[in-house]
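1. predicted structure and sequence below. I'll ask about it afterward.
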Amino acid sequence: MTSTDTLASPARTGDAPLAIDLRGLHKSFGPVRAVAGLDLAVRPGEVVAFLGPNGAGKTTTIDMLLGLAEPDSGHVRVLGMDPSDAIAAGRVSAVMQTGGLLKDLTVAETVRLSASFFGAPAAAVTDAMARAGIAEIAERRVGTCSGGQQQRLRFALALLPDPDLIVLDEPTTGMDVEGRREFWTALRADAARGRTIVFATHYLEEADAYADRVVMVSHGSVVADGSAAQVKALTAGRVVSATVAGGVDAALQAALHAVPGVVDVEVRRDRLVVRTTDSDALARHLLTATAATDLEITARGLEDAFLALTGDAVTPTSTPAPTTTTTPGSTR
Ligand SMILES: Nc1ncnc2c1ncn2[C@@H]1O[C@H](COP(=O)(O)OP(=O)(O)OP(=O)(O)O)[C@@H](O)[C@H]1O
């Protein structure tokens, strides 16, 4: 691991070191630049959502902060330590998406077995199970537990060493709504006790509901960092699309930019796509002053925020239409 201790350091907040201090991180897999100059400072007690589309570099970053992968270059400190030292000291726990559970053990046996590795007392077992909300299913075999219950069991295991930092990589992927709700209820109750929590997710709703800070990642670097409200504001407003007979020329684009509330104007194939905070004014203009037909007005979503910030669609599996964008000013 490359760690540059001579870097001028925001590494401490008061007397406590930062929970996570990543600076200038780079990691490539052959030609793929998974993480490209990522900086992130997380203070103790923060609950941070790491939000990004598939392939943004979230898991690779988490692997580096857990000491599971070596950065090509950059600085990684966790609680002021090398990640592997922080984990060996029981100060960091991780909850990953899958794996690690023995299906034939009961929930309680699993927690007790794991506690025996740490030499944790019986009280820690009871406490972790209660805090993860699995006390009622203690005698159930792991193989018969739902995905949500298994994730809460993983969460209980992560709580056993009473870590300062818990890192979760897309912990609710594949869970149903009820499972997700129960999982986050348990996590949130624990976060209220002051533990630092960082979780990766694709879901803006999860980031909004459970994090005090949202870090949006794309192409291996941070493209937005703020409160959930600030990131939600990126998705505020409406998208108005329309077909314009004869195409969209520069004069029409300029005229649309002059309509109050218009944020940006795109042309996707034969459709005009305009982001605006005043869809009524724009619709009125399109219908009365242009040849636009077939108007559609939709709420802006996360995908649209990602498009505005990065020019990417949320999933690389979707095939974005050829797009030209004219944006007055930068969205960064
Ligand atoms: N071991 C690897 N070998 C080759 N390429 C990899 C490897 N791990 C990750 N990548 C690539 O690095 C990029 C970042 O992947 P990463 O898993 O970090 O993204 P992510 O944001 O966690 O995505 P997802 O939400 O889909 O899990 C992707 O293009 C991915 O295909």
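-> That came through fine.
2. which strands and helices lie in contact with the helix or strand hosting Leu38?
-> Taking DSSP states H and E as the criterion, Leu38 maps to strand 32-42. Contacts defined by 3 or more C-beta pairs under 8 Å, 6 or more residues apart in numbering; DSSP states H and E place strand 32-42 against strand 20-29, helix 58-65, strand 213-218, strand 221-226. C-beta here means a position set from N, CA and C on the backbone, and glycine is covered the same way.
3. right, and these - which one's nearest Val265?
-> strand 221-226 (21.0 Å; C-beta to C-beta).
4. buried residues, the closest one. List them.
-> Ser221, Val222, Val223, Ala224, Asp225 (16 or more other C-beta atoms under 10 Å).
5. now do the next helix or strand after that strand: everything it contacts.
-> Later in the chain than strand 221-226, the nearest helix or strand by DSSP H and E is helix 228-234. Under the criterion C-beta atoms under 8 Å, 6 or more residues apart in numbering, residues 49, 51, 204, 207-209, 211-214, 216, 224, 305, 308-309 lie in contact with helix 228-234.
6. ok, which of those also contact the ligand?
-> When contact is defined as C-beta under 6 Å from any ligand atom, these do not meet the ligand at all.
7. by neighbour count, which of the residues you listed wins?
-> Using other C-beta atoms under 10 Å as the neighbour test, the contacts of helix 228-234 are led by Leu51, with 29 neighbours.
8. pretty sure that residue contacts Val214?
-> Yes. Between Leu51 and Val214 there is a contact under C-beta atoms under 8 Å: 5.5 Å.
9. which neighbours do those two share?
-> Ala207, Val231.
10. and the nearest residue to Asp176 once chain neighbours are set aside, what does it touch?
-> Of all residues not flanking Asp176 in the chain, Gly148 sits nearest, at 7.1 Å (C-beta to C-beta, 6 or more residues apart in numbering). Neighbour list for Gly148: Thr172, Met175, Asp176, Glu178, Gly179, Arg180, Glu182, Phe183 [criterion: C-beta under 8 Å, 6+ apart].
11. present the residues you listed as a markdown table; the columns should include secondary structure.
-> Output for the contacts of Gly148, formatted as a markdown table (DSSP: H, G, I helix; E, B strand; the rest coil):
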| residue | secondary structure |
| --- | --- |
| Thr172 | coil |
| Met175 | coil |
| Asp176 | coil |
| Glu178 | helix |
| Gly179 | helix |
| Arg180 | helix |
| Glu182 | helix |
| Phe183 | helix |
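12. mind giving me a markdown table with those and columns for pLDDT and neighbour count?
-> Output for the contacts of Gly148, formatted as a markdown table (pLDDT from 0 to 100; neighbours: other C-beta atoms under 10 Å):
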| residue | pLDDT | neighbour count |
| --- | --- | --- |
| Thr172 | 83 | 24 |
| Met175 | 74 | 19 |
| Asp176 | 78 | 11 |
| Glu178 | 80 | 10 |
| Gly179 | 78 | 18 |
| Arg180 | 81 | 21 |
| Glu182 | 80 | 20 |
| Phe183 | 82 | 27 |
